[in-house]
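Engineer: okay, structure incoming, though there's no sequence with it:
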């Protein structure tokens, strides 16, 4: 198949193209209206179809005679557990959990929050919600109660599904007290909390709203799949917003199912019966699309991995899993490969395993540096394919479509536009720029199926954040450029959202937390380059007049505040006291200038700065704290 012809057809004849792709999944009611619009003119796909995502992921394969095929491989080096579940076993567990949820009065149109570690029950909970038409919102288990409470108040779940604990390399994290604290903080009160007790020794305080997971599943009848409209919200997934208030991205059911089937086959080149491993978390979009729904739709065994790329027990974990489970395609963030490279620079662990099953290694979630790509290519035969997408898109937007035509790889580029995405690079004025000229990455409407439907209960923010700046186009929030061969290069966010090891986090939200410290007069949090995580936050703080707090004490207290409010995932490690912050004459803090200083990049002092002397002051302070030195050395 030729990439250019296939791609051009998707852009020139989108209805015909996506009508054909809709035939690859089974509908209860096949859609007749392929492309339409909502009341605001936003494109909708397959609006008159009916289907059920859980049916497509499980029941259909059992009906087709593949019930004994492995669906889920649970590999947990932190608990030294490996367990495999067939499609028939998963279907029975999910159907009984869904029946239990119905006995708790959950019904189509309700919402539920899932707050769990990387265990099979997290996937079971997602699929059980999908089975009965309950919209789920998975909240990453590393988020603090404050963040969970915000999401509770926004999506107003009737139910929360959680576990007794998560487990890290060196400690047990008790989930249930965190959930209880979040419920106490929130204005909305869920009716019930289902608790899966892992029996790892964590304290599980009992509340009147608690329901035991095992007892509920054991005592319930299997629920049938509930047909839902194509546009029924399958899930809400929160992503960081520039205001500090998370944005609830809404995903439809029908377009998403079509897009995931298309992705597995045409982007990842994964055949039915293959083993697919996305080394991510169900709390992120990768977990939704390519740990749970995508592989199961495509009748692949999917790996649920509870561990880290290093120290569980060492840097060989990824290679052991590929060898042991015969993984055919893998997806991870560049951070994971960098961490392995740091621990095993000569690739000695790699030589101990048979990686011949691995056909392709996909990288995404953050920018991949050339050194990491070169190290990987030096030690592993399978090609490393960088690609780019977002929580909002739900599936890849730019990639090397390995199931269509394996194009030449250009280091530094994330590939070419994926079918359905008419990607352009715009100037600030909204005109397309020339090849190799940087600008804003935008996508002409209609976006293809499976992309965001709206923001949960906040359409004005959806319109303003994504559609208003360039009418007729979706604005990605990222900058980049195209070369003369239409390969696309992403240069990073143009707003104050930073990417820490693949996790999008709002610096403005961190600024609010830092500012709440009693010694802080004003502050700025910026994302600076980090050799391991891609970016990490740096807080520059002006303390109140006559406050004599030591830098170390302030740093520790601010770090603790951020951990309490956001979680360890924020990775704030450096807090630097400065006399003043560089600003324009109108009072705008020059964050980009400070990022350049911290990263050791070339910069121009803007003519609007109120005092040029501040630049030298910031350079001196950061040098003293070895912020720039740290990044250069590591």
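Structural biologist: Done, it's in. As the structure is a prediction and not an experimental result, all values here were calculated from the model.

Engineer: any weak-confidence spans in the stretch 451-600 of the chain?
Structural biologist: 495-497, 504, 584-588 (pLDDT under 70).

Engineer: got it, and the chain?
Structural biologist: 241-244, 367, 495-497, 504, 584-588, 606-608, 628-634.

Engineer: tell me which residue of it is furthest from the middle?
Structural biologist: Going by C-alpha atoms, centre = their mean, the residue of the chain most distant from its centre is residue 546, 43.3 Å out.

Engineer: please identify which helix or strand holds that residue.
Structural biologist: Counting by DSSP states H and E, there is no helix or strand that carries residue 546.

Engineer: please apply the same query to residue 75.
Structural biologist: Per DSSP H and E, residue 75 falls inside strand 70-76.

Engineer: domain parsing of this structure, as residue ranges.
Structural biologist: Using automatic domain parsing, the domains assigned to the chain come out as 3-307+387-467, 497-633.

Engineer: distance to residue 368 added to the ones you listed, as JSON lines?
Structural biologist: Every residue, glycine included, has its C-beta placed from N, CA and C. Listed next are those as JSON lines, based on distance: least, C-beta to C-beta, whole Å:
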{"stretch": "domain 3-307+387-467", "distance to residue 368": "8"}
{"stretch": "domain 497-633", "distance to residue 368": "9"}
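
Engineer: quick one: which of the ones you listed is nearest residue 481?
Structural biologist: The closest of the domains of the chain to residue 481 is domain 3-307+387-467. By C-beta to C-beta, the value is 4.7 Å.

Engineer: what are the neighbouring residues in contact with the nearest residue to residue 503 once chain neighbours are set aside?
Structural biologist: Among residues not flanking residue 503 along the chain, residue 569 sits closest, at 5.5 Å (C-beta to C-beta, 6 or more residues apart in numbering). For residue 569, the contact set (C-beta atoms under 8 Å, 6 or more residues apart in numbering) comprises 140, 142-143, 500, 503, 505.

Engineer: for these, which two are the farthest from each other?
Structural biologist: Most distant of these, by C-beta to C-beta, are 143 and 500, 13.3 Å apart.

Engineer: so between these two, which is more surrounded?
Structural biologist: Using other C-beta atoms under 10 Å as the criterion, residue 143 and residue 500 rank with residue 143 on top: 24 against 20.

Engineer: gap between the residue farthest from the centre of the chain and residue 56?
Structural biologist: 65 Å (C-beta to C-beta, to the nearest Å).

Engineer: just the buried positions in the helix or strand containing residue 509, please.
Structural biologist: Assigning secondary structure by DSSP H and E places residue 509 in helix 507-515. Neighbour counts over helix 507-515 (16 or more other C-beta atoms under 10 Å) mark 507-511, 513-514 as buried.

Engineer: distance to residue 264 added to these, as CSV?
Structural biologist: Compiled in CSV, those are given as follows (distance: C-beta to C-beta, whole Å):
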residue, distance to residue 264
507, 35
508, 36
509, 34
510, 36
511, 40
513, 39
514, 42
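
Engineer: nearest to residue 261 among those?
Structural biologist: Using C-beta to C-beta, the buried residues of helix 507-515 come closest to residue 261 at residue 509, 35.7 Å.

Engineer: that closest one and residue 240 touch, don't they?
Structural biologist: Yes: using C-beta atoms under 8 Å, residue 509 is in contact with residue 240, at 7.1 Å.

Engineer: which other residues reach the longest helix out of those in the chain?
Structural biologist: What stands out as the longest helix in the chain, according to DSSP state H, is helix 87-103. With C-beta under 8 Å, 6+ apart as the test, helix 87-103 has contacts from 54, 58-59, 61-62, 66-72, 85, 112, 120, 123-125, 127-129, 131-132, 134, 159, 194, 211, 213, 216-224, 299.

Engineer: PyMOL command to pick out the buried ones of those residues?
Structural biologist: Buried residues within the contacts of helix 87-103, by 16+ other C-beta under 10 Å, are selected in PyMOL with:
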select buried, resi 54+58+59+61+62+66+67+69+70+71+72+85+112+120+123+124+125+127+128+129+131+132+134+159+194+211+213+216+217+220+223+299
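
Engineer: now intersect the contacts of helix 87-103 with the helices, please.
Structural biologist: 54, 61-62, 120, 123-125, 127-129, 131, 213, 216-218.

Engineer: still on that earlier bit, the strand holding residue 75 to helix 120-131, inter-axis angle?
Structural biologist: 140 degrees (axes from the mean of the first three to the mean of the last three C-alpha atoms, to 10 degrees).

Engineer: within the sheet, what are the partner strands of strand 70-76, with directions?
Structural biologist: strand 81-86 (antiparallel), strand 301-305 (parallel) (DSSP bridges).

Engineer: all good on my end, thank you.
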